[in-house]
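1. Attaching a predicted model along with its sequence, questions to come.
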Amino acid sequence: MNIVEIRNESIELNKLLKFEGLVESGGQAKALINEGYVIVNDDICKVVRKKLFDGDVVEFNGHIMTIKVS
């Protein structure tokens, strides 16, 4: 499991995938989220700009990330 530290209160799901280098572009992130390839807190998430907060767990393509506000 990978800890992703953010400085703000939240981060949008599509931006997380992009910033972590798991997708090549924002458009690719949007498409993959819309197609149901991303799991947030054990549920498939199709909300592209879902706000993620401290403690949220995101699973995508074999990567598991926990959000931590620093």
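-> Arrived safely, thanks for sending.
2. How much space separates Gly26 from Gly36?
-> Per C-beta to C-beta, to the nearest Å, Gly26 is found 18 Å from Gly36. Quick note: C-beta positions are derived from backbone N, CA and C, even for glycine.
3. higher neighbour count, these two?
-> Gly26 (13 against 10; other C-beta atoms under 10 Å).
4. you'd agree that one is up against Asn14?
-> Yes: assessed by C-beta atoms under 8 Å, Gly26 is found in contact with Asn14 at 6.0 Å.
5. Now do the residue nearest to the spatial centre of the chain against Ile44, distance only.
-> Most central in the chain under C-alpha atoms, centre = their mean is Leu13, positioned 3.9 Å from the mean C-alpha point. As judged by C-beta to C-beta, Leu13 and Ile44 stand 12 Å apart.
6. Return every residue with contacts to both of these two.
-> Val38 (C-beta atoms under 8 Å, 6 or more residues apart in numbering).
7. contacting residues around the residue nearest to the residue nearest to the centre of the chain when sequence neighbours are not counted?
-> Ranked by C-beta to C-beta, 6 or more residues apart in numbering and with sequence neighbours excluded, the top spatial neighbour of Leu13 is Lys50, at 4.4 Å. Going by C-beta under 8 Å, 6+ apart, Lys50 touches Glu12, Leu13, Val40.
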